[in-house]
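Trainee: the sequence isn't on hand, but the structure is:
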């Protein structure tokens with residue numbers, strides 16, 4: 001059977017009762033969220049171990065002394081077939097296949113849709129309607145009230161990638177006044193970056209010059225956040241588009257002077273480098289959120305990491 005990933009996220013009592021799970025799509029952060037949600041469910045008693053396998057043919061039934069079953073995370077569809085699922089269906093173990101979209105998985109996904117012991121979860125970028133559903137659920141759950149204009153402003157600012165949207169919503173939770181107006185929203189989710197976005201256009205300079213530019217402009221935690229979230233808009237542009245024409249059309253009009261520079265940066269990226277960039281962004285976002293005063297260093301590491309990926 002097939003299910004919408006947002007149903008899993010929003011339903012805290014979702015029943016994970018399948019033997020095989022297949023998580024796919026092109027939204028890496030949502031794929032990771034669903035995978036971790038399923039793993040956490042089976043590991044709630046802290047007695048269940050999980051093991052990573054390249055493909056299902058490497059499976060060995062070797063449950064430990066104090067375990068009733070294992071959870072296996074499998075990253076390739078090689079050797080996966082209906083017959084193979086039948087062979088393992090009587091095992092106590094649970095199998096999670098976590099694989100990004102490609103032509104070779106279409107047939108396998110059809111197998112998972114038809115089987116009662118399987119669950120297929122396709123993860124794609126969030127549409128405005130889905131973001132609306134997530135926002136409403138979050139507001140109700142946390143008893144947060146937004147003024148009407150603030151509500152539409154939040155919805156407009158929310159990211160299309162799940163993990164970034166989730167982090168933006170957490171900012172609302174920290175507001176003491178549970179009736180939030182548009183001024184508070186603009187302050188929390190502001191895209192006004194006081195010129196910090198200009199650092200992006202220095203990324204092709206050598207490391208030492210880049211370090212000097214960063215240190216002169218970013219001096220505290222607030223400025224790190226402004227720097228990172230302004231920088232992220234350009235990273236998302238690079239990641240989200242495959243064709244240069246589409247990328248070009250979505251460059252903000254106010255950046256007409258920088259358009260040539262942005263097009264040249266885009267040409268430096270292939271799918272492999274886009275994945276590396278997304279991982280760097282996820283790591284940085286977690287670091288900035290948890291590091292407090294050390295976030296200035298994390299911001300610099302992000303900047304140098306971006307440069308390294310770009311010119312490699």
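Mentor: Ah, there it is. All figures in this text were calculated on a predicted structure; none of them were measured in a lab.

Trainee: show the pLDDT at residue 45.
Mentor: Residue 45 carries a pLDDT value of 66.

Trainee: go on, residue 27?
Mentor: 84.

Trainee: what's the answer for residue 265, then?
Mentor: Looking at residue 265, the pLDDT reads 95.

Trainee: what's the answer for residue 225, then?
Mentor: Residue 225 is given a pLDDT of 82.

Trainee: tell me which element residue 21 is part of?
Mentor: strand 20-25 (DSSP states H and E).

Trainee: let me fix that, I meant to ask about residue 72.
Mentor: With DSSP H and E as the test, residue 72 turns up in strand 71-74.

Trainee: give me the contacts around that strand.
Mentor: 35, 38-39, 42-43, 48-56, 59, 93-98 (Cβ atoms under 8 Å, 6 or more residues apart in numbering). Any C-beta I mention is one placed from the backbone N, CA and C, and that applies to glycine too.

Trainee: tell me the strands beside that strand, with direction?
Mentor: The strands beside strand 71-74 in its sheet (DSSP bridges) come out as strand 50-53 (parallel), strand 94-98 (parallel).

Trainee: buried residues, the first one. List them.
Mentor: Applying a neighbour-count criterion of 16 or more other Cβ atoms under 10 Å, one finds residue 53 buried in strand 50-53.

Trainee: can you give me how far that strand is from the chain middle?
Mentor: 21 Å (Cα atoms, centre = their mean, to the nearest Å).

Trainee: and if you look at stretch 103-121?
Mentor: 23 Å.

Trainee: list the buried residues of that stretch.
Mentor: For stretch 103-121, by 16+ other Cβ under 10 Å, it's 105, 108, 109, 111, 112, 115, 118, 119, 120, 121.

Trainee: same check on stretch 201-213?
Mentor: 203, 210, 213.

Trainee: does the last one touch residue 202 like I think?
Mentor: Yes. Residue 213 lies in contact with residue 202 (Cβ atoms under 8 Å); the separation is 5.2 Å.

Trainee: what are the boundaries of the helices in the stretch 1-150 of the chain?
Mentor: Listed in chain order, the helices of the stretch 1-150 of the chain (DSSP state H, counting those that start in this stretch) span 5-10, 28-42, 82-88, 106-114, 128-141, 148-157.

Trainee: which other residues reach the first one?
Mentor: Outside helix 5-10, the residues within contact range by Cβ under 8 Å, 6+ apart are 14, 30, 33-34, 37, 121-123, 130, 133-134, 137, 162.

Trainee: now, of the contacts of strand 71-74, which are buried?
Mentor: Applying 16+ other Cβ under 10 Å to these flags 35, 38-39, 42, 48, 53, 56, 59, 93-98 as buried.

Trainee: return the item of those having minimum pLDDT.
Mentor: Out of those, that is residue 48, at 68.

Trainee: report the buried residues of stretch 277-286.
Mentor: Buried residues in stretch 277-286 (16+ other Cβ under 10 Å): 277, 278, 280, 281, 282, 284, 285.

Trainee: out of those, flag the one nearest to residue 304.
Mentor: residue 280 (10.2 Å; Cβ to Cβ).

Trainee: quick check: closest non-adjacent residue to the closest one.
Mentor: Leaving aside its sequence neighbours, residue 280 sits nearest to residue 305 (Cβ to Cβ, 6 or more residues apart in numbering; 4.9 Å).

Trainee: and the strand or helix carrying that neighbour, what does it pack onto?
Mentor: Assigned by DSSP H and E, residue 305 falls within helix 295-311. Helices and strands touching helix 295-311, by 3 or more Cβ pairs under 8 Å, 6 or more residues apart in numbering; DSSP states H and E, are helix 207-217, helix 221-240, helix 271-291.
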